[in-house]
Structure formats: structure tokens, C-alpha cells
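Colleague: sequence plus the predicted model coming up.
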Amino acid sequence: MTGSITFSDVSVQLGDQLALDSVSLSLDAQRVAVIGANGSGKSTFARVLGGLVAPSRGTVSVLGVDPQRQAAALRRLVGFVFSNPDAQIIMPTVAEDAAFSLRSEKLPRAESAERVRQTLREFGLTDLADRAAHDLSGGQKQLLALAGAVIRRPQLMIADEPTAYLDARNSRQIADHLLAPNDRQLVLVTHDLALPLRCDVAVLFEGGRMIGCGDPADIVSQYEASLSC
Amino acid sequence: MLTLYRPGTGWLHRAPAGPKVFGLLLIVLAVSILPSTWLSAAIGAAGAVVCYLVSRIGMVELGRQIVSLRWIVVVTFGFQVIFLPMESAVANTTRVVAAIVVAALLVLTTRVGDLLDAFERGLGVFSRFGLDPERVALVLAVAITTVPVLARLAVGVREAQRARGARLGVRSFVIPFLVVSLKHADDLGDALTARGVV
Amino acid sequence: MTDQTVQPTPVKPVSRWHIDATDIARIAVFAAITAVLGLPGAFPVFGSVPITAQTLGVMLAGAVLGAWRGALSMVVLLVLVALGLPLLAGGHGGLSVFVGPTAGYLFGWIVGTFVIGAIVHAGGRTLTWPRTIVGVLVGGILVVYAIGIPVTALVLRLPIGPTALQATVFLPFDLIKAAITVVVTMTLVRAYPRAFRMRPRDRA
């Protein structure tokens, strides 16, 4: 099942800068790629979706939830992966960090241990379970960050340039995990123009405005055309 | 993780953390209230030696601890000799050193993780005053995880400035280091929010 | 997660001690900053003189985070030290530092950062040079010495006069660190203004 994302006339003012400028859109596709230059507003778009930034104007609905007024409900439905692998590690060891995401769910101990085991296996981190998380490589840390989001079984995964800090091989591994067939909805903010082609819909931002939304191949060409002139 | 723990299998190693804290603090307190006489200097020193022997930590470690305190010993004693009679100076210095080395037994024989758990349990007492032990434990865990990350960021800043030929100073080290650290704090805050901390 | 009916989040009972995710991160990070500034060679301010920058972190915690968060970051640092992490300058840690002659200075850090924060942030969000200077001198030096010196005297059973005299040996270094703190704080206001904003969501 895919949920839906609706923005009506959403603006975000950050300091003296208009980060999002009257954005209206409705997305039902399962995999949404978000592209655009630095400072175009794509990251702010993701942060509004994830409830990390409050819109100054307009209304937002994510899976039927208002991210600001129903923050606790949103947290249960949405997972978020950021760019910087170091800033997403919270607990000292790999297993503890993965388990941390389950804290607010108040699961029985055995069940949460089983979910940690299962998720670490899914991301190939089983052998590293007791290692200090900060000793992992950048790619492994990002896998752990992804594991920490997936373990909560979100219906929507938001990834804000999840491969920005990684080399080609690790980027590919993270992308494969995010784009693997599953029943989650995905919003993927990225600079890697190969990734939108693996999504169902692409959205293009420029100067805080949404200037394109549709077939990924078309939107990527539109973006590339705007770069060359 | 960086730690002062010395692995071992003696009974003090196996003792539960909570009672161990109380026991050692009791000894430290007893040593601290000894009067400033030759006799109490002897009692303090003997007490420390006995503690290290019965806990099977051994005299070698005691020696190592005292060596690491050499500056405290020198400054304390040197300063006291000027103002106080020899007996008081020796007794006070011995008393302080004995208290410090006995207190050190706690971290030498207990893993940080076990102490953290004991600390969190101990905080439960304060929960009726509105203190949330889980949240306190979370702040401590985040701080522990962050120390090595920031240490690495500091190395990065230093190398970047050296590469630019800058001498390390306030402008070229402290400010950039603080900016990357505070940026890290904001990212960490987002990650905590995204993972359900309100 | 099959149940899709979502209730509006009830207003959470916010306890007196409630700190949110942003606070947790900042408090923890400032405890870590202070620990890292105490590492040997972190910051050679005085050439080869082995004076660490740790108290710089103490003063900055109050000046940047404000009274409560600043003081809490020191509490966090000292709890970790008590639990045995060697985070004090020179790799010291464990309960033993709290029974030694310098224990009072450590407790002074907590009160000192609180006073620094209270004075520096007294005017709300705008920081001024005079208030920052006064705050750092009063909280970072006066308060810390006022707590540190009597405890040293008590532990060593010395009269307080000579103990205070001995402590003045460190005064020049602390004054230099206070000056650095003031300059760094006023620079950070321009270099990273977000750090001084108390609204956590004002960021892109």
C-alpha cells in the first residue's frame, strides 16, 4: 500500500531566506526522487515532510497526518536517513544503536532483541553487533543508520542525500537497500542523477519552487538542460 | 572505548557496582576524617595498601597510581611544609593520596557500562521529583559516543589548517572546531528527533 | 502498523526537568567539546607550557548554551568522569578526582557555567561585549575560585589565605582563557548564529 503526500501552498521562511516558496503538490507514487541544485529547497522539502521544519504558511499532510500537530503519530509512520553517517549514531555499540530506535515502542524485551537480530542480518551487520559503532567505516555507519530507521517499520522512508558522504561502492549498496522491492513509500533526495531513473516519479526544485514533477527520465533531462545553459 | 578499567577476576571485580561504590566511599570518608598525626598517616597508608592487596589489584598498580599522582604529592607536600609542621604536612599528604588511590579502585575494577547501569538504577530514586532516568542515561550515552567523534573532527580541523599553512591558534583551530562540533550537535538533534525522542 | 486512525498528539505533560532532542544533543556535545579540549595537544595556546584548553570549554559552555543547558553539560561531563572515563585534562578520571584537593574547582565548573550563562544571556538573544566579559570573569573565574579555594583548604587542612595565594599562580592563564572565551563567543555569534538560537526548528 502506498500512502500519499500533499503540500498545499507551503512556504518556509528560514531566517531572511525563503527556503520553500508556495509549493503545492500531491504524490502517490511509491518511489519519489527529489532533485535540484544546492539550496534549491529539496532538503527543506524533505525536512518539512519529516516534521523537522515547520512550514511558515500552507498545509502539509503525510500519510494522513499533519507533521507538526501530530508529531508522535508521524514518528511512528516515517523513518528518516540523513547524509552524515557520524551524526546518526546515538548509542555506543552497533546492536544498542539499532535497538535505540525501538525504545519508544515499548516492545517486550525478547521481541525487540529478535527485531534487532533480524534487522542487523538484513543489513549484513550481524558480525559487527558488539563493535563500537564509531569504529565502523563510513559505509557501515550509513548501513547502521538505515537499519536504525528500517527497524521501526516505517510506512514512509525519507532519505536526504544518503549517499553524499560515501564512495561509489557504498553509495550503490545504500541505494540498493533503499530501492529494494518492499512495501514502503520512499522519498529520496539525491544529487546522483542515476537514482531518479530507478524511481517512479521525480520532483525538481529550483530557488525554493517546485518546477517539475513527473516521469523521472523527463525530469532529469529538464534538470540537465537547465544546467547546460 | 577509552577507559581506566583494568580487567581482572578478583572478588572486587565481581562485586556488584552499587554496593562497591558505597563501600569504597565509606573507606574514603573514613580516611578523609583522620586527624593530622603521624599515627593517622600510618593508618592511611596501611589502609590503602590493604585495600590493594585484599582486592588482588596488587602493589604494582598501587605504585602506578601513586606515580600518576606525583604532581599532587609534590605540590601538596611542598606547600604544606611551608605553612604547617612536618607532622601535619606528612599526614595530610598521605591522607589525601590514600583517599584518591582507594577511590580509584572503583574504576580499576568496574566496567563503565556496569557503572552506567548502576547509576541509572540509582537515579530511579529521583524519578518522583520529575527526573527521567532514561533521559539522563540517554544524554550520558550520547556524550560517550560523541567524544571520539569530536576528537576525530579536531584532528581533521588541525590537518586542514596545517595544509593551509596556518599556525594553530584561536582563529585557526578553536573557532572552526566549535563550528563543526555545533553543526554536529544540530545534526545529532535531528537524528534523535527522527528516531522518536521528543 | 495497520491501524491508520491517528489521534492528534495529546499535549505531553512536560516535567520540570524536560529537555528535548536538540537540548540533549547540545548538552552532550558540549560535554564532549570540553573533554576533547582537555586532550593533550588539542590546542597549544601557550607554546610548550602544558596548560590545557579544558577550562576554555567550561567557560564556552555557559556562554554558548546559557545557564541551565551549560550547567547540565558540565554535570554530564563530571558524571562521566566519576563513572571512570578519563576525560579530565591529563587523562584523569574516576571518583578519585572528587576526593582530591582540586575537587572544588570541578564543582565550581557547574555553578560557574550557570552564572556565565545567566549573565551572558541576560538580555535574551543579543549578546553584547560588556555582558560577555563580565559574565566570563564572574562565572568563569570568580565563582570557580570561590568554590575551588575553600575546598582545597578543607581537603589539605590549610588556612584559606595561603591557599588562595597559591591559587593565584593559575590566575594569569585563566585570564587569558577568559579573554579567548569572550572573543570566541562573540565570533561564534557571527560564524554560527544558530547555536545561540533557542528555537530548535529554525534551521534548513
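Modeller: Arrived safely.
Colleague: spell out which parts of chain A neighbour chain C.
Modeller: Neighbours of chain C within chain A, by C-beta under 8 Å from any C-beta of the partner chain: A:14-15, A:17, A:19, A:43-44, A:47, A:52-54, A:63-65, A:69-73, A:76-77, A:153, A:155. In this view, the C-beta of every residue, glycine as well, is placed from N, C-alpha and C.
Colleague: filter the residues you listed to the buried ones?
Modeller: Among the residues of chain A next to chain C, those classed as buried by 16 or more other C-beta atoms under 10 Å in any protein chain shown are A:14, A:19, A:43-44, A:47, A:52-53, A:63, A:65, A:70-73, A:76-77, A:153, A:155.
Colleague: so which of these belong to helices?
Modeller: Mapping these onto helices (DSSP state H) picks out A:43-44, A:47, A:71-73, A:76-77.
Colleague: residue C:81: which element?
Modeller: Element membership of residue C:81, judged by DSSP states H and E, is helix C:67-82.
Colleague: and the residue nearest to residue A:78 when sequence neighbours are not counted, bridged to which residues?
Modeller: Nearest residue to residue A:78, sequence neighbours excluded (C-beta to C-beta, 6 or more residues apart in numbering or on different chains): residue A:156, at 4.8 Å. Here residue A:156 sits in beta bridges with residue A:78, residue A:185, going by DSSP bridges.
Colleague: ok, residue A:156 to residue A:203 distance?
Modeller: 15 Å (C-beta to C-beta, to the nearest Å).
Colleague: okay, those two: which has more neighbours?
Modeller: residue A:203 (26 against 23; other C-beta atoms under 10 Å in any protein chain shown).
Colleague: just checking, residue B:148 touches residue A:133?
Modeller: No: counting by C-beta atoms under 8 Å, residue B:148 does not reach residue A:133; the two are 9.9 Å apart.
Colleague: higher neighbour count, the two?
Modeller: The neighbour comparison of residue B:148 against residue A:133 (other C-beta under 10 Å) goes to residue A:133, with 28 against 19.
Colleague: for chain B, just list every one of the helices.
Modeller: B:11-14, B:17-32, B:38-54, B:59-68, B:70-83, B:86-109, B:112-123, B:133-163, B:175-194.
Colleague: again, but for chain A
Modeller: Assigned helices in chain A, in chain order: A:42-49, A:71-77, A:94-100, A:109-122, A:138-150, A:168-179, A:216-228 (criterion: DSSP H).
Colleague: number of residues surrounding the closest residue in space to residue A:102 that isn't next to it in sequence?
Modeller: Distances taken as C-beta to C-beta, 6+ apart put residue A:112 closest to residue A:102, at 4.7 Å, once the chain neighbours are dropped. The burial count assigned to residue A:112 is 18, neighbours taken as other C-beta under 10 Å.
Colleague: kindly report the same for residue B:42.
Modeller: So residue B:42, with other C-beta under 10 Å, has 14 neighbours.
Colleague: likewise for residue B:5?
Modeller: By other C-beta under 10 Å, 18 other residues sit near residue B:5.
Colleague: gap between it and residue C:138?
Modeller: Distance of residue B:5 to residue C:138, given as C-beta to C-beta: 39 Å.
Colleague: residues from chain A in reach of chain B?
Modeller: Proximity of chain A to chain B (C-beta under 8 Å from any C-beta) is limited to residues A:50-52, A:71-72, A:75, A:78-80, A:82, A:84, A:86-92, A:96, A:100-101, A:103-105, A:132-134, A:145, A:148-149, A:152.
Colleague: again, 6 Å this time
Modeller: Within chain A, the positions near chain B by C-beta under 6 Å from any C-beta of the partner chain are A:52, A:75, A:80, A:84, A:86-92, A:101, A:104, A:134.
Colleague: tell me the least confident of those residues?
Modeller: Here the lowest pLDDT out of those sits on residue A:104, with 79.
Colleague: which ones are touching that one?
Modeller: With contacts defined as C-beta atoms under 6 Å, 6 or more residues apart in numbering or on different chains, residue A:104 is in contact with residue B:196.
Colleague: out of the residues of chain A next to chain B, which is most surrounded?
Modeller: Highest neighbour count within these: residue A:80, with 28 neighbours (other C-beta under 10 Å).
Colleague: and the residue lying closest to that residue once chain neighbours are set aside, how close does it get to residue A:93?
Modeller: Leaving aside its chain neighbours, residue A:80 sits nearest to residue B:194 (3.7 Å; criterion: C-beta to C-beta, 6+ apart). Taking C-beta to C-beta as the measure, residue B:194 falls 20 Å from residue A:93.
Colleague: again with residue B:179
Modeller: As judged by C-beta to C-beta, residue B:179 and residue A:93 stand 29 Å apart.
Colleague: more neighbours, the two?
Modeller: Between residue B:179 and residue A:93, counted using other C-beta under 10 Å, residue A:93 has the larger neighbour count: 20 against 16.
Colleague: residues contacting that one?
Modeller: Contacts for residue A:93 (C-beta under 6 Å, 6+ apart) come out as A:130, A:133.
Colleague: at 8 Å instead, please
Modeller: If you count contacts by C-beta atoms under 8 Å, 6 or more residues apart in numbering or on different chains, residue A:93 has them with A:129-133.
Colleague: just the buried subset of those, please.
Modeller: Going by neighbour count (16+ other C-beta under 10 Å), the contacts of residue A:93 have residue A:133 buried.
Colleague: which of the contacts of residue A:93 sit farthest apart?
Modeller: Greatest spatial distance in the contacts of residue A:93: A:129 and A:132, 11.3 Å, computed using C-beta to C-beta.
Colleague: can I get the contacts of residue A:93 in TSV with pLDDT and distance to residue B:130?
Modeller: Converted to TSV, those look like this (pLDDT from 0 to 100; distance: C-beta to C-beta, whole Å):
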residue	pLDDT	distance to residue B:130
A:129	91	35
A:130	87	35
A:131	88	36
A:132	85	33
A:133	87	31
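Colleague: kindly reformat the contacts of residue A:93 as JSON lines containing distance to residue B:22.
Modeller: Putting the contacts of residue A:93 into JSON lines (distance: C-beta to C-beta, whole Å) gives the following:
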{"residue": "A:129", "distance to residue B:22": "34"}
{"residue": "A:130", "distance to residue B:22": "30"}
{"residue": "A:131", "distance to residue B:22": "34"}
{"residue": "A:132", "distance to residue B:22": "30"}
{"residue": "A:133", "distance to residue B:22": "33"}
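Colleague: nearest to chain B, of the contacts of residue A:93?
Modeller: Nearest to chain B among the contacts of residue A:93, counting by C-beta to the nearest C-beta, is residue A:132 at 6.1 Å.
Colleague: shouldn't that closest one be in contact with residue A:92?
Modeller: Yes: using C-beta under 8 Å, residue A:132 makes contact with residue A:92 at a distance of 6.1 Å.
Colleague: give me the residue at the spatial middle of chain B.
Modeller: Nearest to the mean C-alpha position of chain B, by C-alpha atoms, centre = their mean, lies residue B:107 at 7.5 Å.
Colleague: excluding covalently adjacent residues, which one is nearest to that one?
Modeller: Counting by C-beta to C-beta, 6+ apart, residue C:84 is the residue found nearest to residue B:107 once chain neighbours are left out, at 3.2 Å.
Colleague: and the one you found, how many neighbours?
Modeller: Neighbourhood size, residue C:84 [other C-beta under 10 Å]: 26.
Colleague: walk me through the domains of chain B.
Modeller: Domain ranges of chain B: B:11-123, B:132-194, per automatic domain parsing.
Colleague: okay, the ones you listed, which one's buried deepest?
Modeller: When those are scored by mean count of other C-beta atoms under 10 Å in any protein chain shown, the highest mean neighbour count falls to domain B:132-194 (a mean of 19).
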